[in-house]
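Novice: Okay, sequence plus prediction incoming.
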Amino acid sequence: MELTEHTLQSETAYAGGFLQVKKDTVRLPDGKEANREYIRHPGAVAVLALDDAGHLVMVRQYRYPVGRTFVEIPAGKIDAGEAPHLTARRELREETGYQADEWLFLGTAYPCIGYSDECIHYYLARGLTLSESTPDEGEFVETLCLPLAEVRTRSLRGEVCDSKTLVGLYWLDAWQNGSLLGERI
């Protein structure tokens, strides 16, 4: 069965600093037309920074769109022309002050396929050393190093509940149990 929708017309309803809201008219598989509104996103990375003692480096920060503070894995958007693995290194250092000797690419996920083209590239960072964090202007982040078992428990209790972190824990579990090897970068 053919499911592809074909773009007939596309317009930018809003263009912000890094997001664009698009409004398209599409032809559906049955020949009818429909409107599609969605967000264009430059892509992002998320980092599972695991120390030798089995602690996961997490950040605690306020997320304005939902009006609350979250504990989550370090992450950030990919700058124009920047390779995702370089974004991962930059974001870990900026948000937490940590640097890593070993990096593995774990996989890619699409968190909001109903209304955004955002994709998140997941990386495992090991061999951590701590230096000074340099958050972006206007970014206020607290770094936490939590035992991985505690992070898993918090996720099951709904205390760690952003999709990026939950997917990251899935990739990390797959790597730890040997069903995902990861790609060295």
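Specialist: Noted; the coordinates are in hand.
Novice: okay, residue 119: pLDDT?
Specialist: On the pLDDT scale, residue 119 is placed at 98.
Novice: didn't it look like it was pressed against residue 107?
Specialist: No: contact criterion Cβ atoms under 8 Å: residue 119 and residue 107 do not qualify, at 10.4 Å. Where C-beta positions appear, they are placed from N, C-alpha and C, glycine not excepted.
Novice: Find residues that contact each of these two.
Specialist: With contacts taken as Cβ atoms under 8 Å, 6 or more residues apart in numbering, residue 119 and residue 107 have no neighbour in common.
Novice: mind giving me the domain ranges of the chain?
Specialist: 6-40, 44-109+119-184 (automatic domain parsing).
Novice: As TSV, the ones you listed with mean neighbour count would be great.
Specialist: As requested, the domains of the chain are exported to TSV (neighbours: other Cβ atoms under 10 Å):
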stretch	mean neighbour count
domain 6-40	12
domain 44-109+119-184	16
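Novice: Residue 152 and residue 76, how far apart?
Specialist: Distance, residue 152 to residue 76, by Cβ to Cβ, to the nearest Å: 24 Å.
Novice: Oh, that last question was meant for residue 118, not what I typed.
Specialist: 12 Å.
Novice: okay, and the common contacts of those two?
Specialist: In contact with both residue 118 and residue 76: residue 44, using Cβ under 8 Å, 6+ apart.
Novice: Just say helix, strand or coil for the residue nearest to residue 181 when sequence neighbours are not counted.
Specialist: Distances taken as Cβ to Cβ, 6 or more residues apart in numbering place residue 175 nearest to residue 181, at 7.5 Å, with adjacent residues excluded. Assigned with DSSP: H, G, I helix; E, B strand; the rest coil, residue 175 falls in the helix class.
Novice: Tell me which residues touch residue 175, please.
Specialist: Contacts of residue 175 (Cβ under 8 Å, 6+ apart): 104, 106, 124, 181-182.
Novice: What spatial separation is found between it and residue 116?
Specialist: The separation that residue 175 has from residue 116, given Cβ to Cβ, amounts to 26 Å.
Novice: check which helix or strand covers the residue lying farthest from the centre of the chain.
Specialist: Within the chain, the residue lying farthest from the chain centre (Cα atoms, centre = their mean) is residue 31, at 35.8 Å. If you go by DSSP states H and E, residue 31 is not part of any helix or strand.
Novice: for the one 5 residues further on, same thing?
Specialist: Using DSSP H and E, residue 36 sits in strand 33-40.
Novice: Just the CA coordinates for that strand, please, in CSV.
Specialist: Presented in CSV, the C-alpha positions along strand 33-40 are these (Å, rounded to 0.1, in the frame of the first residue of the first chain):
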residue,chain,number,x,y,z
GLU,A,33,-5.6,17.2,-0.3
ALA,A,34,-4.8,18.0,3.3
ASN,A,35,-2.8,20.5,5.3
ARG,A,36,0.3,19.6,7.3
GLU,A,37,1.8,21.9,10.0
TYR,A,38,5.2,20.9,11.4
ILE,A,39,8.4,22.2,12.8
ARG,A,40,11.8,22.1,11.0
